[in-house]
Structure formats: structure tokens, C-alpha cells
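Engineer: Sequence and predicted structure below; questions after.
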Amino acid sequence: MIDYMTKSLDLLAKEILEDGIIDANEVKLIKERIYADGMIDREEANFLFTLNDATSGKENDPSWNQLFVDAIATHVLEDKTSPNVIDEEEATWLLKSIESDGKIDKNEKSLLAYLQKHATKIHPSLAAIMK
């Protein structure tokens, strides 16, 4: 069995992306790995965006969308610095991550809609792409 818990996220991403899609078993492994310590840090959030960009428009398992949205939302909304608020630093990071591949895909649109609904305050730079 692959020891996905101790592999670097870069190596794990490479293995997950070998077939070009994210299947249900891979979603389960990703979820176990990123939530192992009870929080989603920036490295794990970047890992999710890497996977999302590489598989955008593919026939991924539907559970991938839910994991992506939940994990990224947890990362920005449940932080200690600005809980439930998307501050300037988070907005800058989100914009860069969302726009890195030149398009806003279905999962990213779902994420933005979720954030718009659940954040108590959103920095204006991010609010602009939510319209």
C-alpha cells in the first residue's frame, strides 16, 4: 500500500495526476492526508489548487468538488488571524490561486459562491470577481 501520509504533497500530487483525473478513492486519500492534523495549512491549500488546475474540466469524481470547496473555505474562514473574514492577504492569495491557470472553473465558482454566502466580510479585491 502507498504510504500517502508521509509522502511530500508534490509527490502525492504527481501520483494522483498520473491518470489525469481524481477518482473517489483519491478524494478519500486526499481528505485523510490534508485533515490529518485537523487543519488546512497554506501548503495543503496550494496542493488542492494544483490538483484542481490540473484536472479542471475532467471527469473527476463529484466528491472532489465538495472536498475542494470545503477545504479551501476552511483554510480561509477558520484561521486564527481573521475568522470568517477574507482579509487582504487571503484575498490576494485566493485571486492568485484562482487566476493562475487563466480561467475560473466550476470548482472555483463553487468556492466563490460558498465564500460569498459564509464569510462575514470579504476584501474588495476578491469581491470584484464574485459579481
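Structural biologist: Okay, I see it.

Engineer: just the helices in the chain please.
Structural biologist: With helices called from DSSP state H, the chain shows them at 9-16, 24-34, 42-55, 62-77, 88-99, 106-118, 124-127.

Engineer: In TSV, list the ones you listed along with mean neighbour count and mean pLDDT.
Structural biologist: Where you see a C-beta, it was placed from the backbone N, CA and C, and this is true even at glycine. Shown next, in TSV, are the helices of the chain (neighbours: other C-beta atoms under 10 Å; pLDDT from 0 to 100):
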stretch	mean neighbour count	mean pLDDT
helix 9-16	16	92
helix 24-34	17	96
helix 42-55	19	97
helix 62-77	19	98
helix 88-99	17	97
helix 106-118	17	97
helix 124-127	15	92
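
Engineer: Just give the nearest non-adjacent residue to residue 58, would you?
Structural biologist: residue 21 (4.8 Å; C-beta to C-beta, 6 or more residues apart in numbering).

Engineer: so how many other residues sit close to that neighbour?
Structural biologist: Other residues lying near residue 21 total 15 when counted by other C-beta atoms under 10 Å.

Engineer: Likewise for residue 130?
Structural biologist: 11.

Engineer: I'd say it and residue 112 touch.
Structural biologist: Yes: shown here, residue 130 and residue 112 form a contact pair, counting by C-beta atoms under 8 Å, at 5.2 Å.

Engineer: Who does residue 121 form a beta bridge with?
Structural biologist: Beta bridges link residue 121 to residue 85 when assigned by DSSP bridges.

Engineer: Got phi/psi on the residue nearest to residue 58?
Structural biologist: Main-chain dihedrals, residue 21, degrees, to the nearest 10: phi -140, psi 170.

Engineer: got the contact list for it?
Structural biologist: The contact partners of residue 21, by C-beta atoms under 8 Å, 6 or more residues apart in numbering, come to 55, 58-61.
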